[in-house]
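> sequence first, then the predicted structure:
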Number of protein chains: 6
Amino acid sequence: MEPEKYQKGMKVLRTMGDPDGKMVAESLKTIEELAPGLSVSVVEFCYGDIYSRDGLDLKSREIASISALAVVGSKPQLMDHIFTGMVTGLTKREIQEILVQITVFAGFPAALNALQTAREAFELWDANAAGKQE
Amino acid sequence: MEPEKYQKGMKVLRTMGDPDGKMVAESLKTIEELAPGLSVSVVEFCYGDIYSRDGLDLKSREIASISALAVVGSKPQLMDHIFTGMVTGLTKREIQEILVQITVFAGFPAALNALQTAREAFELWDANAAGKQE
Amino acid sequence: MEPEKYQKGMKVLRTMGDPDGKMVAESLKTIEELAPGLSVSVVEFCYGDIYSRDGLDLKSREIASISALAVVGSKPQLMDHIFTGMVTGLTKREIQEILVQITVFAGFPAALNALQTAREAFELWDANAAGKQE
Amino acid sequence: MEPEKYQKGMKVLRTMGDPDGKMVAESLKTIEELAPGLSVSVVEFCYGDIYSRDGLDLKSREIASISALAVVGSKPQLMDHIFTGMVTGLTKREIQEILVQITVFAGFPAALNALQTAREAFELWDANAAGKQE
Amino acid sequence: MEPEKYQKGMKVLRTMGDPDGKMVAESLKTIEELAPGLSVSVVEFCYGDIYSRDGLDLKSREIASISALAVVGSKPQLMDHIFTGMVTGLTKREIQEILVQITVFAGFPAALNALQTAREAFELWDANAAGKQE
Amino acid sequence: MEPEKYQKGMKVLRTMGDPDGKMVAESLKTIEELAPGLSVSVVEFCYGDIYSRDGLDLKSREIASISALAVVGSKPQLMDHIFTGMVTGLTKREIQEILVQITVFAGFPAALNALQTAREAFELWDANAAGKQE
């Protein structure tokens, strides 16, 4: 482990994730069970390295990530980044528009499936918010 | 042809394209030679419909488009949208960062090939700018 | 909305969809809930524009669509176009053969997964037909 | 080698290829140089097995193949099947329309790049035809 | 059917499949129901031809297959080849490492989804082994 | 920069690359020009992290990498890993067989294009070897 880069990655993850860090911790635990040491690579490389780079704000990075994930067609990761996108300031409508853009470059099936995932993510987000207000 | 939507599309294309519209006109002519009426669909659907939607600014739409095209791996269209991205206000560094993000979601080959295309686009852009200053 | 193109698109959709148009109406409602105005783009662009073009009959367009969707690997849209393919005159066997072709160009996994989707579509189609005969 | 299936495959290849079989022979020689025995697999499996199946005519199989290759984005094989498509009776316009369909399912980049390949294939085809008439 | 190649394919399938051949027989029956004759093509081409080639041992072929299936993103076939990979001698850890490699070339989503499939495959494998010991 | 991980990565790169490290140095310089700091990520993450993991030997990792790159369809990176694959002990024939496997999982176009790249890589390799013997 690279203590400095790991700390840097955890800092970004806390900025983009849930305030108490429970969901981030759970995600990393799940990844670690898939292959030993892999959660360390995710924190160090994805967040401590790539997401920590200068030259583009976090909100714009999430636009790029959501678009890429819609084209790749990977539902669980798209769901995660719709959440982190909203934490970094994207509105639901902006996320829908990012995904509507995809029709032009990857066709309607990729866009429609991603928009369906967004719909499910928005419902979960609202249910969570409602749960916290009670 | 849908006169209203076509006009709307041409207006967006002029905002995102070259000031005198020569490159846009040439692009549409090339597309029209590929299949009859296809250039009309591009103007009406891609620009008069999708790019004309509310809810996300043009610069953010270009972040999504550049990211999608890097994943799709389509060089000529990526080149075009690196140009229109710069017209809508993205810096070269921001475009590089959009493409570096791709390493996480689609791997290094997609990112490196897109960054190589960006490099060629930047050189062309600078050569054009130099040509105009003389 | 472009009234003329929308009407043209709805006409094609009625030719390819269910006789009473209930499934088409439901599909468009679902799409509209994914992003505002998107169902209009589907009707106008996909059906009023692309499917309404001259030069290739609807049955052949469905062969191309089913093949493309099998390669793209998008199950819900493949299911829809197996139904519309049968409405435009393709037999179950012909649809199976379109998908068997895919083994050569996109490998066995894409073909086998699409054939499994076809099997489920055929069962639904037969259940529907049986329901109507009663 | 499977003499029966190989003969069956060569028969289909002769139906779909050039009349004197020179181009087919050259293609198979090139493939054989890529990996020992691979040209036998191409003849036996692709043509002696898949293309020789009942239930769908050769012209419809080529619609499916051209569509799949446009989505896969593989230029040399798309070029070959545009030629064999024309031999089995598809017109240039029909091939353009198959590729225009792709915009809906795989986006404009895939469709435009395939249409550009088709344009080059049509020019080669016409040059060949002109050469034979002299 | 090509008796010789079919026998060759069944021999490889028995080497890579379950000792009593029940799962192989069931798999082939399922494939045959998807399209007539397709199970014969799978045995003859995939196993009697490709897997029976000289020049690379079965274990190394499974490394290539598992890697390809993780990139293609096809869960049922990946599951099957994780099983056959273990029969040909790959350890669970080696399979995890093959999939971790994918992060570099196809990104984290493809790798994480494949590792999740591997986890499910390992659990099934262990449950089967436990069932047999009782 | 993470000195320890960077050193680890450079050590693997020297094992897999050219003996005098000239090609590796040139490659990293080219990558660094594509985006600032990216060559450091390549060394630290791809080689210092992923390739340095336990549980799978380098030769097997290269089988997985070559297979993944053939499916992804990325020519320059496939070429690089055919070279590093040969340095880690894979024979030309074994590399051809890895790529022939791809026909089953991703279709003939992906396999044939990758085998063509392999052919070009082998010629370059032999030309280099001949150059050194003189």
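Alright, I've got the coordinates. Fair warning: this is a prediction, and the values are worked out from it, not measured in the lab.

> rest of the way, CA atoms for contacts and neighbours
OK.

> would you list the phi and psi of A:P36?
Torsion angles at A:P36 (phi, psi; degrees, to the nearest 10) stand at phi -60, psi 130.

> how much space between A:K22 and E:L58?
Counting by C-alpha to C-alpha, to the nearest Å, the gap from A:K22 to E:L58 is 44 Å.

> those two - which one has more neighbours?
E:L58 (21 against 11; other C-alpha atoms under 10 Å in any protein chain shown).

> show the contacting residues for the more buried one.
With contact set as C-alpha atoms under 8 Å, 6 or more residues apart in numbering or on different chains, E:L58 has these partners: E:51, E:88.

> ok, A:I50 next?
Going by C-alpha under 8 Å, 6+ apart, A:I50 touches B:100-101, B:104.

> and the biggest helix by length in chain A, does that touch chain E?
As assigned by DSSP state H, the longest helix anywhere in chain A is helix A:108-133. No. Judged by C-alpha under 8 Å from any C-alpha of the partner chain, helix A:108-133 stays clear of chain E, getting no closer than 14.6 Å.

> list the contacts of the strand or helix carrying A:T103.
Taking DSSP states H and E as the definition, A:T103 sits inside helix A:92-106. When contacts are taken as C-alpha under 8 Å, 6+ apart, the neighbours of helix A:92-106 outside the stretch itself are A:63, A:66-67, A:70-71, A:82, A:85-86, A:108-111, A:114-115, A:118, A:122, B:46, B:50-51, B:55-56, B:61, B:64-65, B:68-69, B:72, C:34-35, C:38, D:103-109.

> before we move on, the earlier item: going by distance to chain E, which of the contacts of A:I50 wins?
Proximity of those to chain E (C-alpha to the nearest C-alpha) peaks at B:V104, which lies at 5.2 Å.

> domain parsing for chain A?
Per automatic domain parsing, the structural domains of chain A span A:1-53, A:56-134.

> tell me the angle the helix holding A:T103 makes with helix D:108-133.
Direction vectors for helix A:92-106 and helix D:108-133, defined by axes from the mean of the first three to the mean of the last three C-alpha atoms, to 10 degrees, enclose an angle of 10 degrees.

> dump helix A:92-106 to PDB, restricted to CA.
Coordinates of the C-alpha atoms in helix A:92-106 are reproduced here as PDB (Å, rounded to 0.1, in the frame of the first residue of the first chain):
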ATOM      1  CA  LYS A  92     -31.300  14.600 -12.100                       C
ATOM      2  CA  ARG A  93     -32.200  16.500 -15.200                       C
ATOM      3  CA  GLU A  94     -28.500  17.000 -16.200                       C
ATOM      4  CA  ILE A  95     -27.900  13.300 -15.700                       C
ATOM      5  CA  GLN A  96     -30.800  12.500 -18.000                       C
ATOM      6  CA  GLU A  97     -29.400  14.800 -20.600                       C
ATOM      7  CA  ILE A  98     -25.900  13.200 -20.400                       C
ATOM      8  CA  LEU A  99     -27.600   9.900 -21.200                       C
ATOM      9  CA  VAL A 100     -29.800  11.300 -23.900                       C
ATOM     10  CA  GLN A 101     -26.600  12.500 -25.700                       C
ATOM     11  CA  ILE A 102     -25.600   8.800 -25.900                       C
ATOM     12  CA  THR A 103     -28.400   8.200 -28.500                       C
ATOM     13  CA  VAL A 104     -26.200  10.000 -31.100                       C
ATOM     14  CA  PHE A 105     -23.000   8.200 -30.400                       C
ATOM     15  CA  ALA A 106     -23.900   4.700 -29.200                       C
END
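
> how about the residues of chain A near chain B?
Taking C-alpha under 8 Å from any C-alpha, the part of chain A that reaches chain B is made up of A:46, A:50-51, A:53, A:55-56, A:60-61, A:63-69, A:71-72, A:93-94, A:97-98, A:100-102, A:104-106.

> ok, of the residues you listed, which come out buried?
With burial judged by 16 or more other C-alpha atoms under 10 Å in any protein chain shown, the buried subset of those is A:46, A:50-51, A:53, A:56, A:60-61, A:63-69, A:71-72, A:94, A:97-98, A:100-102, A:104-106.

> spit out the contact partners of A:K5.
Residues in contact with A:K5 (C-alpha under 8 Å, 6+ apart) are A:44, A:48-49, F:2.

> center of chain A, which residue is that?
A:H81 (2.0 Å; C-alpha atoms, centre = their mean).

> what helix or strand is the spatially closest residue to that residue that is not a sequence neighbour on?
Excluding its sequence neighbours, the residue lying closest to A:H81 (C-alpha to C-alpha, 6 or more residues apart in numbering or on different chains) is A:I66, at 6.2 Å. Element membership of A:I66 [criterion: DSSP H and E] is helix A:58-72.
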